[in-house]
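Q: missing the sequence, but the structure's below:
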């Protein structure tokens, strides 16, 4: 449970027990913490279009993200769409993604090996910047269709763009964030033009081929969703790799079990996902009046669900704060649920399994460089991934 | 069409053309294969009490299923004749239809939860890992089984389903009777509880109706809730499995559905037509009649082949083709007349949601072994796949 106990889990445990349907007046939304309620809500086909949210709720105030350089463009990412648009756009993306995913393993293994090679001579390094960020960045960006020489630019845009999740930004950060969003947009605009003329083996080409065969998806929809796929996949997978390594290093007995039986890597990643979900909460706008655990909730009201709290509900997971890589598996909710369930889940899982597995095979003597130090986390409320993780390698 | 189905239907087609009213000597019953005959016969108020069948027929031998622990319990409405049938069916239908009308969010949730769990798998068996769960969980929650008792309920339901096997081991028989009794006691306790604390479930609706004067006893509520479970789970699961298989082997039809999801209603009807989960239905003739020139005496047993009726070329052109946009004509898969399937609206709803959402969630899904023959379960009267392995 470590450092999060007092700041995070004690309040969540208290809420789960005493106010499982908590009306948070500051954000104008309900907040659910029980596993059963969270899964129910995510799977009952509520809404994601923030235009429909109750006035005064945080969603109504935030609205859909807008690129100031393209003020009239509606963000067409699936995460903000309801049916029929959601289904129309998600289908071809899911098809293209399934095709790319089915052949990606050798590429991910190659990228993992290359980054481990580069660390081979180091004795102390920051796992996050040297490994957790570049591995999914490279794998996911190449799969989508980004050219290899552009990866550095993509890294900057990804990190700057991620500042949209911070609650506060300096002016310089805001400028960098807006530049990153515009950088992504114009990059994909150009890429779509190029791939239409000369298709390659990548997701953008697959989507353009689908479009050419009559699948109803526009260039702007392809572009918006490529950006959001990058934004949603890279940092979350980065955080999953870092947190799995961090958890294993803090639990030497679990790490020893993994080293004895490398097949446990699958359940180790699931357990890391459960105790440290890269995205801590999700929301829906109610599609109808309903009652949650006796509490009336009206159509249009916003309900946030705590994936973090649901994953540690003691009625579902015994001894929930314990990190146990061979616990009896129950589905965690770290990928959300229902029709909006994380489309990249299989890829994130695979990358984390390969990256973490190979890391401990290559560096069996890896330890925390500063075992007593508190972890450094990113200043983004819903995405509390590690900003830094210093590793020492004994040789 | 696959060879197994082809052979099966070759025989039915031959019967329909050559012997539309076929007397099957071993079972001492008639077997109807023409749509018009099946429809007309099942629509008339013939009998369902096996005790009224002539000596020597398969029905007389089988009799009404009984729970040996509860001699006071009569058969479910599927084995009753009027006036008792109508007295019980009416409040049951009122309560069930009211419930079904409100249960779309429940069905959506049950389906989505299962799909969420399957999202981490590249390959899985549609029948055991998906199709079976949807009716099992939906029905349990709709009736009023507590979420925490679902694992227990699943065991009871699976044991009770053994009733459909023509033969059972001693152990299976014991397990079936024990499950039946355990579920009976559970329902007794639930009825007592809901009288004091009504909830949003079928048991509450039924005890409420009873309190308002509906002539239905506790024993009748109990027996019919169990038979609802038994009758609904395997049939709905088979509908979902067969429909998914039909789409996977008919990609042009899947493309039509993907282009226009509102076709899901017609698609489910077409899947029901081609692969009725129950292949035939019987009645005991309540009077001397004549079918297709053949005299039938009161007390004789007549079965209608729903499967053959649904593929009668005089009603359905190109009858062996799966075509979700064909001009619809009512199929026979829910039977007909006073005993028409009580759970049809629920089965349809579950089928529509489960099939549409499955293909939405897994738009690249395909058969893991496209060249393998489908594996149909070997169980008399029921038609469904025993396994359907797919890759996402």
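A: On my side now, so go ahead. Given the structure is predicted, the values throughout are model-derived calculations rather than measurements. Numbering: from 1, shown residues only, chains lettered A, B, ... in the order given.
Q: Just list what the helix or strand of chain B with the lowest mean pLDDT packs against, helices and strands only.
A: Least confident helix or strand, chain B: helix B:58-62 with a mean of 77, by mean pLDDT, DSSP states H and E. With contacts defined as 3 or more CB pairs under 8 Å, 6 or more residues apart in numbering or on different chains; DSSP states H and E, helix B:58-62 has no helix or strand neighbours. Glycine gets a C-beta too; all of them are placed from N, C-alpha and C.
Q: Of all the residues in it, which ones are buried?
A: Of all the residues in helix B:58-62, those buried under the rule 16 or more other CB atoms under 10 Å in any protein chain shown are B:58-60.
Q: could you check whether the helix or strand harbouring residue A:361 is close to chain B?
A: Using DSSP states H and E, residue A:361 sits in helix A:345-362. Yes - for helix A:345-362, a contact with chain B is found by CB under 8 Å from any CB of the partner chain, at A:345-346, A:349.
Q: out of these, who's nearest residue B:322?
A: residue A:346 (30.6 Å; CB to CB).
Q: what about residue A:326, distance to residue A:362?
A: To residue A:362, residue A:326 is 23 Å away according to CB to CB, to the nearest Å.
Q: Moving C-terminal from the least confident helix or strand of chain B, which element do we reach first?
A: Moving toward the C-terminus from helix B:58-62, the next element (DSSP H and E) is helix B:84-101.
Q: per-residue confidence for the residue in chain B positioned nearest to chain A?
A: In chain B, the residue that lies nearest chain A is residue B:112 (3.4 Å; CB to the nearest CB). Note on residue B:112: pLDDT of 97.
Q: next one: the one 3 residues further on
A: Residue B:115 carries a pLDDT score of 97 in this model.
Q: now do residue B:307
A: 95.
Q: Same check on residue B:383?
A: 89.
Q: From residue B:134, how far out is the residue of chain B closest to chain A?
A: From residue B:112 over to residue B:134 (counting by CB to CB), the distance is 11 Å.
Q: Look at residue 339 and say how many residues are nearby.
A: Here I'm looking at chain A. Neighbour count for residue A:339, taken as other CB atoms under 10 Å in any protein chain shown: 23.
Q: I was after chain B.
A: Residues near residue B:339, counting by other CB under 10 Å, number 22.
Q: Please apply the same query to residue B:262.
A: Neighbours of residue B:262 (other CB under 10 Å): 10.
Q: three-state assignment of it?
A: Classification of residue B:262 by DSSP: H, G, I helix; E, B strand; the rest coil places it in helix.
Q: Check what pLDDT it gets.
A: pLDDT recorded at residue B:262 is 95.
Q: Low-confidence stretches in chain B?
A: Counting by pLDDT under 70, the ranges of chain B that qualify are B:1-6.
Q: need the residues of it near chain A, please.
A: Residues of chain B lying near chain A (CB under 8 Å from any CB): B:105, B:108-109, B:111-113, B:115-117, B:119-120, B:122, B:147, B:258, B:261, B:357, B:360-364, B:392.
Q: which among those residues end up buried?
A: Buried among those by 16+ other CB under 10 Å: B:105, B:108-109, B:111-113, B:115-117, B:119, B:258, B:261, B:357, B:360-364, B:392.
Q: Looking at the buried residues of helix B:58-62, which one is closest to residue B:85?
A: Among the buried residues of helix B:58-62, and counting by CB to CB, the member closest to residue B:85 is residue B:59, at 16.5 Å.
Q: Now do the closest one against residue B:284, distance only.
A: The gap separating residue B:59 from residue B:284 is 7 Å, by CB to CB.
Q: intersection of neighbour lists for those two?
A: Common contact partners of residue B:59 and residue B:284 (CB atoms under 8 Å, 6 or more residues apart in numbering or on different chains): B:50, B:53, B:301.
Q: Residue B:28 is in contact with the last one, correct?
A: Yes - the pair formed by residue B:301 and residue B:28 meets the contact definition of CB atoms under 8 Å, at 6.9 Å.
Q: Buried residues in the lengthiest helix in chain A, which are they?
A: In terms of residue count, the longest helix belonging to chain A (DSSP state H) is helix A:219-250. With burial defined by 16+ other CB under 10 Å, the residues of helix A:219-250 counted as buried are A:220-249.
Q: now it and helix A:345-362, what's the angle there?
A: 40 degrees (axes from the mean of the first three to the mean of the last three CA atoms, to 10 degrees).
Q: what's the angle from the helix or strand that comes right after helix A:219-250 to helix A:345-362?
A: Once the chain leaves helix A:219-250, the next helix or strand it forms, by DSSP H and E, is helix A:252-260. Counting by the same axes, to 10 degrees, helix A:252-260 lies at 90 degrees to helix A:345-362.
Q: First residue to last residue on stretch B:199-216, what's the distance there?
A: In stretch B:199-216, first residue to last residue: 19 Å (CA to CA, to the nearest Å).
Q: what does stretch A:67-75 give?
A: OK, stretch A:67-75 end separation, CA to CA: 9 Å.
Q: Stretch B:320-327 now?
A: First residue to last in stretch B:320-327 (CA to CA) measures 14 Å.
Q: residues making contact with that stretch?
A: Residues contacting stretch B:320-327 (CB under 8 Å, 6+ apart): B:1, B:5, B:9, B:246, B:250, B:253, B:256-257, B:263, B:266-267, B:270-271, B:274, B:311, B:316-317.
Q: Buried residues in that stretch, which are they?
A: B:322-324, B:326.
Q: cool, stretch B:43-56 as well?
A: Using 16+ other CB under 10 Å as the test for burial, stretch B:43-56 gives B:46-50, B:52-54.
Q: Those residues in strands, which ones?
A: Members of those lying in strands (criterion: DSSP state E): none.
Q: ok, which pair from these is furthest apart?
A: B:48 and B:54 (14.8 Å).
Q: Residue nearest the middle of the chain, spatially speaking?
A: Because you didn't say which chain, this covers chain A. By CA atoms, centre = their mean, chain A has its centre lying nearest to residue A:236, at 3.2 Å.
Q: hmm, I had chain B in mind actually
A: residue B:235 (3.4 Å).
Q: starting at the chain centroid, how far to the helix or strand hosting it?
A: For residue B:235, the host element (DSSP H and E) is helix B:218-249. Centre-to-centre, helix B:218-249 and its host chain are 5 Å apart (CA atoms, centre = their mean, to the nearest Å).
Q: got the angle for the helix or strand that that helix is followed by vs helix B:218-249?
A: If you walk from helix B:218-249 toward the C-terminus, the next helix or strand you reach (DSSP H and E) is helix B:251-259. Helix B:251-259 and helix B:218-249 are oriented at 110 degrees to each other (the same axes, to 10 degrees).
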